[in-house]
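# Model the structure of this input:
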Amino acid sequence: MAANEEDSALVKLELACSDLRTLLQSSAKLEKDLEEMEKKFDSIDEKLSTAAKRVAPLQSLAMAAKALETRINRAVSPALGLLHSFKLSESFQKKLIELSDKLSIEKNPRKRLKKLLKYVQCVDQLNEVINLISRDGEPVIQKLQEVVEFLSRTKATDQYRTQRLKETLITLKALYESEVDAMRFDGLLDEALLNLQDEFEIMLQQMKHQNIGEQQADEEADQTLVSDLGTEMEVQVLSRIAETLSASDCLDICIDIFVKVRYRRAAKALMRLNPDYLRTYTPEEIDEMKWESLETAISLWIQHFELAVKTVFVSEKKLCKQVLGGLPEVLIWLECFVKIADKIMAVFFRFGEGVARSNREPQKLFKLLEMFDSLEKLKLEFTEIFEGESGADICIRFRELEKLLVHASSKVFWEFGLQIEGTSDFFAPQQDGSVPKLVRYAVNYLKYLTTETYSAPMAKVFRTEQMWKAGILSKPETDENLLKDAISNIMEALQRNIESKSSSYKDKILLHIFVMNTYWYIYMRSRNTELGKLIGEQYMKQKYKSAAEESAYMYQWRAWRPLVRLLEKEESEEQENGTKATAAFVRGKLEAFFNRFDEISQRHARGYSIPDADLREQLREATVKLVVPVYSEFLNAHSKLLSGESYVSPESLKGLVGQVFNGTDRTSNGKPKRRDSKDTVPGRNSVSVEGELKNFRRSRSKSIDA
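Numbering: from 1, shown residues only. Below is the predicted model:
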């Protein structure tokens, strides 16, 4: 076994030695090949070095030629471009002349707009070419001059070519210096820009506000309807002209034309409404106006102000944005719009301010509230129209006018209450006990104020003023409570005025008639109205109706109760029936009764007035119930003594009592006036009081004579 292993190991060793000998042989061959390749590389390197030495001069010459070509091209190519620009300028000028001739003879509006648009495009192209020439001319000439100097100095080319390049330089330089300024300022471009300015102005003048006067005449017209001032094509052309003028350093001229023309157009549109009242605007001048004229002027001011804001200025703003909105100066169109509106708004503002600062007469309150309410409704839209920093001054003046109207409305209201308080010392009470004009005026004034039209703005005035005094963070009362408290103060002042006047009456019957008439008037005119609902129907009954009924009772007690007492049974009547003394006593009572009745009738006819038909009817019925039954009972009790004699029957007496309350109303100077048919109570006896009493006296005198 050991011998076998040794044999195997020897075999392996021999194989390894054989492989090693083969490897050594290969290595020797590789080394020989490498030596041969090194010799070849040395030969190639030697040949390349020789070639490089021979090519080096040619390479330098090629590089120099390439650099010279590049330098020349950098100067010549822009010069060729400049010459091409001069050719384009010349072609565009010819085109402008052709388009100008076509524009002058074109009559069709739409076709003329299309040609005008082409004219504007040609002006833009010419302006662009001239700007290009103006911008690139000097650098191009400078580069060309540098090349000429370089060639002259280095003699890189022949003298003939260098001279020709010099001549080209001189010609191009002369052309640039003589033509560029002329093309920009004195040439056809300048004339074209002037033509565009004229076209711009003419087109703006032709854009009119339609149907402004017709809208004013038609109350049902929608004044908020805003129509475009120009067609789409017209707006497009105007916008392109504005952009062209702006690009040609004519922006200021463009804006001046736009503002001047559109201001005149807007003012002319509003002048169709005939706002002559706006010429009067100082407080002193307004105080001198007749109330009817001022009332009409304020109503027109409200309508015209709304029309100007919601129609005229909305259209003008839209046109400004359409025409000038594409200019590089982004907000220039807003500034132009404000310039157009500023002078017109100033005229409206000064009239409103004059009204607010004028005398605070009570009747002005309603017009002041209408003005304030109209501004409140327009506030949001007004702020949107005059947006941004450019419209800040107009918005400030708008708010200042609102403040003036708030102060004026509040002061007129409270001064009205003070006037009611103060009149009790200066005006005598009504001589016939009728309702004073002040009470009539005040009640109707407050009724009108509490209607839906005026109650909301009046309450807003109170709330606004309270917030100004207490601060924005305060919690003011509700509008209804504010208005209710204010109205209640006026009603209390009116009541104090009535009480003060009633104390001036010496005739106590007349006193009660006055109080009854006045409180009854207040109650009847206030119930079932917004005034009554605001103060409270129950409160009105307790405060005014009860006072009127109490005075009616006191009137009846003082005026008619003494008459009834004359017929009441006395101890002296307990004499034997049928005696002459008793008959005379009864006739005396009747005589005294009718004398007193005649006195009451005369006082009612000449000195007492109860204007309210319903109140008269109630008093008539109450008086008939008081007097006629007693009279009838008296006649029945003494029928035997009065047999065969003529006397006023109870039915006739009832008619006589009715005649007392069917007399004529009184005027303020005490003279009777004819009663209107609506005040006549139907179904009353037409027999006069004086006639019945004369018949009674005549029959009585005959019986005595007999």
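
# C-alpha only now, for contacts and for neighbours.
Noted.

# tell me the domain ranges of this structure?
58-185, 187-212+227-390, 556-568+581-658 (the TED database).

# closest to residue 432 out of those?
In terms of CA to CA, the element of the domains of the chain nearest to residue 432 is domain 556-568+581-658, at 4.6 Å.

# quick one: residue 519 is in a strand?
No - residue state for residue 519 (DSSP: H, G, I helix; E, B strand; the rest coil) corresponds to helix; a strand is not indicated.

# got a list of what it touches?
By CA atoms under 8 Å, 6 or more residues apart in numbering, the residues touching residue 519 are 544, 545, 547, 548.

# Could I get those in a markdown table, plus columns for distance to residue 259, pLDDT and neighbour count?
Shown next, in a markdown table, are those (distance: CA to CA, whole Å; pLDDT from 0 to 100; neighbours: other CA atoms under 10 Å):
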| residue | distance to residue 259 | pLDDT | neighbour count |
| --- | --- | --- | --- |
| 544 | 64 | 92 | 22 |
| 545 | 66 | 92 | 20 |
| 547 | 68 | 93 | 18 |
| 548 | 68 | 93 | 26 |
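
# Around residue 565, how many other residues sit close by?
As a burial measure, the neighbour count of residue 565 was computed by other CA atoms under 10 Å and equals 13.

# Touching, residue 356 and residue 365? I think so.
No - under the criterion of CA atoms under 8 Å, residue 356 is not in contact with residue 365, lying 10.0 Å apart.

# Residue 440 is nearest to which of the domains of the chain?
If you check each of the domains of the chain against residue 440 by CA to CA, domain 556-568+581-658 wins as the nearest, at 12.3 Å.

# and that closest one, average pLDDT?
Averaging the model's pLDDT scores along domain 556-568+581-658 yields 86.

# got the domains of the chain as a markdown table, with distance to residue 524 columns?
As requested, the domains of the chain are arranged in a markdown table below (distance: least, CA to CA, whole Å):
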| stretch | distance to residue 524 |
| --- | --- |
| domain 58-185 | 70 |
| domain 187-212+227-390 | 23 |
| domain 556-568+581-658 | 10 |
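
# For residue 484, find the nearest of these.
Taking CA to CA as the criterion, residue 484 comes closest to domain 187-212+227-390 out of the domains of the chain, the separation being 17.1 Å.

# What distance separates the opening and closing residues of that closest one?
Terminal residues of domain 187-212+227-390 are spaced 38 Å apart (CA to CA, to the nearest Å).

# isn't residue 482 right up against residue 461?
No - in this structure residue 482 lies outside contact range of residue 461 using CA under 8 Å: 9.8 Å.

# who has more neighbours, these two?
Here residue 482 and residue 461 are set side by side on neighbour count (other CA under 10 Å), and the busier one is residue 461, at 26 against 19.

# Please tell me the pLDDT value assigned to the more buried one.
At residue 461, the model reports a pLDDT of 94.

# What strand or helix carries it?
Of the helices and strands defined by DSSP states H and E, residue 461 is found in helix 452-470.

# quick one: buried residues of that helix?
By neighbour count with 16 or more other CA atoms under 10 Å, helix 452-470 contains the buried residues 454-466.

# Next: stretch 369-389.
Neighbour counts over stretch 369-389 (16+ other CA under 10 Å) mark 369, 370, 371, 372, 373, 374, 375, 376, 379, 382, 385, 386 as buried.

# nearest to residue 229, of those?
Minimum separation from residue 229 among the buried residues of stretch 369-389 (CA to CA) is found for residue 385, which lies at 17.0 Å.

# So the closest one is in contact with residue 314, correct?
Yes - with contacts counted by CA under 8 Å, residue 385 reaches residue 314, the gap being 7.0 Å.

# Tell me the helices and strands packed up against whichever helix or strand comes after the helix holding residue 461.
Using DSSP H and E, the helix or strand that directly follows helix 452-470 along the chain is helix 479-502. The contact analysis (3 or more CA pairs under 8 Å, 6 or more residues apart in numbering; DSSP states H and E) places helix 479-502 against helix 392-422, helix 437-449, helix 452-470, helix 508-526, helix 530-535.

# In this protein, mark out all the strands, start to finish.
Residue ranges of the strands in the chain, as given by DSSP state E, are 665-666, 672-673.

# between the ones you listed, which gets the lowest average pLDDT?
Averaging pLDDT over each of these singles out strand 672-673 as the lowest, with a mean of 38.

# give the contact list for the residue lying closest to residue 193 once chain neighbours are set aside.
Counting by CA to CA, 6 or more residues apart in numbering, the nearest residue to residue 193 once its immediate chain neighbours are dropped is residue 245, at 7.0 Å. Residues in contact with residue 245, defined by CA under 8 Å, 6+ apart, are 193, 196, 197, 251, 254.

# can you pull out the helices in the stretch 101-250 of the chain?
109-154, 159-181, 188-206, 212-217, 232-247 (DSSP state H, counting those that start in this stretch).

# pLDDT below threshold where in the stretch 351-500 of the chain?
Within the stretch 351-500 of the chain, the segments meeting pLDDT under 70 span 423-428, 471-477.

# how about 80 then?
For the stretch 351-500 of the chain, residues meeting the criterion pLDDT under 80 lie at 422-430, 469-480.

# what's the answer for the stretch 151-300 of the chain, then?
By pLDDT under 80, the low-scoring segments of the stretch 151-300 of the chain are 151-187, 189, 211-228.

# let's go with 70 and repeat that
151-169, 171-186, 213-227.

# if I read this right, residue 189 contacts residue 125, doesn't it?
No - using CA under 8 Å, residue 189 is not in contact with residue 125; the gap is 10.3 Å.

# who's more crowded, these two?
Taking residue 189 and residue 125 together and counting by other CA under 10 Å, residue 189 has the greater number of neighbours (24 against 16).

# Check the gap between the more buried one and residue 232 for me.
Relative to residue 232, residue 189 is positioned 27 Å away (criterion: CA to CA).

# and what of residue 336?
Look at residue 336 and residue 232: by CA to CA, they are 21 Å apart.

# and these two? which has more neighbours close in?
residue 336 (24 against 11).

# and of the buried residues of helix 452-470, the nearest to residue 630?
For the buried residues of helix 452-470, the closest approach to residue 630 (CA to CA) belongs to residue 455, at 52.7 Å.

# Contacts only, for the nearest residue to that closest one once chain neighbours are set aside.
Closest residue to residue 455 in three dimensions, ignoring its sequence neighbours and counting by CA to CA, 6+ apart: residue 449, at 5.8 Å. If you count contacts by CA under 8 Å, 6+ apart, residue 449 has them with 366, 455, 458.

# cool, residue 402 as well?
Contacts here follow CA under 8 Å, 6+ apart; on that basis residue 402 touches 372, 375.

# can you rerun that using 7 Å?
In this structure, residue 402 makes contact with residue 372, judged by CA atoms under 7 Å, 6 or more residues apart in numbering.

# Same question for residue 516.
When contacts are counted by CA under 7 Å, 6+ apart, residue 516 touches 548, 549, 551, 552.
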